[in-house]
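Enquirer: pasting the sequence and the predicted model now:
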Amino acid sequence: MSIKPSILEDRYRNRGTAFTLAQRAELGIVGRLPAAVETLDEQAVRAYTQMQQQPSNLHRYLYLNEVHNQNQVLYYKLLADHLTELLPIVYDPTVGDAIEQWSSDFRDSRATYLSIDRPEDVEDSFRSLGLAADDVDLIVVSDAQEILGIGDWGVNGTDISIGKLAVYTAAAGIDPNRVIAVNLDVGTDNELLLNSPYYLGNRHARVTGRRYNDFIARYLATAAKLFPNALLHFEDFGPGNARRILVGNAARYRIFNDDMQGTGAIVMAAVFAALRVTGDRWADQRLVVFGAGTAGTGMADQIHAAMLRDGASTQEAKDRIWLIDKHGLVTDDMPGLPDYQRVYARRKAEVADWADGEIDLLTTVEHVKPTILIGTSTVAGAFTKEVVAALAAGVERPILLPLSNPTSRIEVMPTDALAWSQGRALVAAGIPVDPVEYNGVTYEIGQANNAMLYPGLGLGTIVSGAKHVTDNMLLSAAEAVAGQVDVSRRGAALLPPVANLRALSATVAVAVAEAAAEDGVATRRHTNLVEAVRKAMWQPVYRERDLPRPGGEGARS
Ligand SMILES: NC(=O)C1=CN([C@@H]2O[C@H](COP(=O)(O)OP(=O)(O)OC[C@H]3O[C@@H](n4cnc5c(N)ncnc54)[C@H](O)[C@@H]3O)[C@@H](O)[C@H]2O)C=CC1
Ligand SMILES: CC(=O)C(=O)O
Ligand SMILES: [Mg+2]
């Protein structure tokens, strides 16, 4: 015999000390809790204090994870009450540390694991969740090949899917009972993991080629068959795979690549705001992207499209974009260029006299005089004092976006960027950064992280039942974010503050749902969209309807 499991072990419905005496009697848990009956607010104060007492952000992450495992409402109440403080803990940058330690720290899991060695289990792995076709709004999946800027983390990368989902709920009220986090375990090329006694994933190199492609195809087909209304969010895939999967499947599935599309759109938002400061046009921008992988080329594509909308021809727009990757400026004589770089490759003849051999970032900046410099390279400190000074020598108010995550990878800290440009650079960063004081002006640094945009995009997609995520939906999301920014004061942030994220997400969702209707992809119509979005947003409160009905079972266990 053993003690009977109870609702106290069910994180979806557990309320712990907030169960009233009557509820305790009804639910058969009399005597299983101390006498006090608390409110959610009282529980949240205790949990917040306990969290603060943890010795490091990684310990705080683990503590909050425990809370999440025990009581989902309490977890999201904490995030709602302390969003600005806790987002960097449950998400970027701390989630990067948690992923590096994940197999050693493993205790419990809320994810679904799909192994490339057992493709026949994909369907059963979803079916074992016991969910019906219309029970799921969103699935976040990662194969963990390029986690943030820290590379290949195999099954440890599960927590990027978990973290992204936490942000969806905290920022946009996506119902956490209707989401699934998935890790696609296709092996890992990370020797540290392969040789660690604690590693919990498949102990072999990454599977590539046909078997990999078949596995992705099986994932997509199965997820879409079992949960036909779910948005399929792809996160932190390697550059070749990310793009190929998106391009090859966008017409067939409700699929979204956050690193390409979400990041591209948040950059668009930051540039929209910056152009209000400079008074310049899209078609006149000169863009240098340092780190031409998934995120960097996703942005190049969206800025290219913005130039076209502003009247440039395809060629004119391409002529205003320069990519730099590991071997310097990308030129058309380079062998083996991936297709996503080839489209923007510069003619070698045009730059031949810039340098002997590889053309580096500084040389490119000196020649191009970019109006926008974006870093998505994972190379910490790549935007040196010389590079920033050259940028500021080229134009009066350069837009400078060092976007690599986590903090250990950022191309330049905003405080240096402002000092080295005499306060002229218009800066936003991928990570949360404190305001910078320079020459008597306070510069607020917007967080150009896709987390500022994808939650609202997802909510708008779900509320409208959009069959696809269209370019117009992404653009509308970017415009909605930029519309919340006031750049009239010198030093104003290019993006709204995290503290306003929930309201921002609702605004973004309305714009996205309107765009979905315009594009003819919406399957749900609402007479009052603002109200529909508001009602769709899940709130962290204890609700009567979440308790099991007397004599019957509740929603999900
Ligand atoms: N702020 C945000 O919302 C987002 C930020 N990112 C960040 O962008 C970075 C890149 O992410 P992904 O594009 O997904 O990775 P990726 O691996 O697809 O791209 C990185 C690119 O940088 C290039 N690179 C590496 N060393 C270089 C060097 N020394 N010089 C020039 N290029 C170099 C690589 O060859 C690759 O093409 C990461 O740090 C990630 O955290 C990514 C997505 C969203
Ligand atoms: C923010 C994000 O998606 C990344 O760094 O990969
Ligand atoms: Mg990512």
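Expert: Right, received. Where do you want to start? Numbering: from 1, shown residues only. Ligands and ions are numbered 1, 2, ... in the order given.
Enquirer: from here on, just use CA atoms for contacts and neighbour counts.
Expert: Noted.
Enquirer: from ligand 2, how far out is the nearest residue to residue 326 once chain neighbours are set aside?
Expert: Once flanking residues are discounted, residue 326 sits nearest to residue 291: 7.4 Å by Cα to Cα, 6 or more residues apart in numbering. Residue 291 sits 13 Å away from ligand 2, going by Cα to the nearest ligand atom, to the nearest Å.
Enquirer: pLDDT at residue 291, what is it?
Expert: In this model, residue 291 is scored at 98, pLDDT.
Enquirer: and what of residue 557?
Expert: 34.
Enquirer: likewise for residue 352?
Expert: 94.
Enquirer: pretty sure it sits in a helix.
Expert: Yes: assessed by DSSP: H, G, I helix; E, B strand; the rest coil, residue 352 belongs to a helix.
Enquirer: just the helices in the stretch 451-557 of the chain please.
Expert: 454-464, 471-482, 501-518, 529-536 (DSSP state H, counting those that start in this stretch).
Enquirer: nope, the stretch 101-250 of the chain is what I was after
Expert: Taking DSSP H, counting those that start in this stretch as the criterion, the stretch 101-250 of the chain carries its helices at 102-105, 122-127, 158-172, 191-194, 209-226, 239-249.
Enquirer: pLDDT of the longest one, averaged?
Expert: Think helix 209-226. On average, helix 209-226 scores 98.
Enquirer: which elements pack onto it?
Expert: helix 122-127 (3 or more Cα pairs under 8 Å, 6 or more residues apart in numbering; DSSP states H and E).
Enquirer: could you do the last one as well?
Expert: Using 3+ Cα pairs under 8 Å, 6+ apart as the contact criterion, the secondary-structure elements in contact with helix 239-249 are strand 255-257, helix 294-309.
Enquirer: the same query, at a cut-off of 7 Å, please.
Expert: Taking 3 or more Cα pairs under 7 Å, 6 or more residues apart in numbering; DSSP states H and E as contact, there are no helices or strands that helix 239-249 lies on.
Enquirer: pretty sure residue 425 is touching residue 415, no?
Expert: No: using Cα atoms under 7 Å, residue 425 is not in contact with residue 415, being 10.6 Å away.
Enquirer: quick one on the thing from earlier: which one of the helices of the stretch 451-557 of the chain has the most crowded surroundings?
Expert: helix 454-464 (a mean of 29; mean count of other Cα atoms under 10 Å).
Enquirer: nearest to residue 434, of the helices of the stretch 451-557 of the chain?
Expert: helix 501-518 (17.0 Å; Cα to Cα).
Enquirer: contacts for the closest one?
Expert: Contacting residues not belonging to helix 501-518 are listed as 171-172, 452, 455-457, 459-461, 463-464, 466, 472-473, 476-477, 480-481, 522, 529-530, 533 [Cα atoms under 7 Å, 6 or more residues apart in numbering].
Enquirer: now it: how far from the chain's centre is it?
Expert: 17 Å (Cα atoms, centre = their mean, to the nearest Å).
Enquirer: make 295 the starting number, not 1.
Expert: Sure, I'll start numbering at 295, so the last one becomes helix 795-812.
Enquirer: kindly format the C-alpha coordinates of that helix as CSV.
Expert: What follows is helix 795-812 as a C-alpha-only set of coordinates in CSV (Å, rounded to 0.1, in the frame of the first residue of the first chain):
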residue,chain,number,x,y,z
LEU,A,795,4.4,43.4,-22.4
ARG,A,796,0.9,42.1,-21.6
ALA,A,797,-0.8,45.2,-22.9
LEU,A,798,1.5,45.3,-25.9
SER,A,799,0.8,41.6,-26.7
ALA,A,800,-2.9,42.3,-26.8
THR,A,801,-2.4,45.2,-29.2
VAL,A,802,-0.2,43.1,-31.4
ALA,A,803,-2.7,40.2,-31.3
VAL,A,804,-5.5,42.5,-32.5
ALA,A,805,-3.3,43.8,-35.4
VAL,A,806,-2.3,40.3,-36.3
ALA,A,807,-5.9,39.0,-36.3
GLU,A,808,-6.9,41.9,-38.5
ALA,A,809,-4.1,41.1,-40.9
ALA,A,810,-5.1,37.5,-41.0
ALA,A,811,-8.7,38.5,-41.9
GLU,A,812,-7.4,40.8,-44.7
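Enquirer: tell me the mean pLDDT for it?
Expert: Rounded mean pLDDT across helix 795-812 is 97.
Enquirer: report the angle between that helix and helix 765-776.
Expert: Relative orientation of helix 795-812 versus helix 765-776 (axes from the mean of the first three to the mean of the last three Cα atoms, to 10 degrees): 150 degrees.
Enquirer: which ones are touching residue 666?
Expert: Contacts of residue 666 by Cα under 7 Å, 6+ apart are 580, 581, 582, 692, 693, 694.
Enquirer: before we move on, back to that, out of the helices of the stretch 395-544 of the chain, flag the one nearest ligand 2.
Expert: helix 452-466 (8.4 Å; Cα to the nearest ligand atom).
Enquirer: show me the contacts for whichever residue of the stretch 745-851 of the chain sits closest to ligand 2.
Expert: Nearest to ligand 2, among the residues of the stretch 745-851 of the chain, is residue 745, at 6.7 Å (Cα to the nearest ligand atom). Applying Cα under 7 Å, 6+ apart to residue 745 gives the contacts residue 461.
Enquirer: sounds good, over and out.
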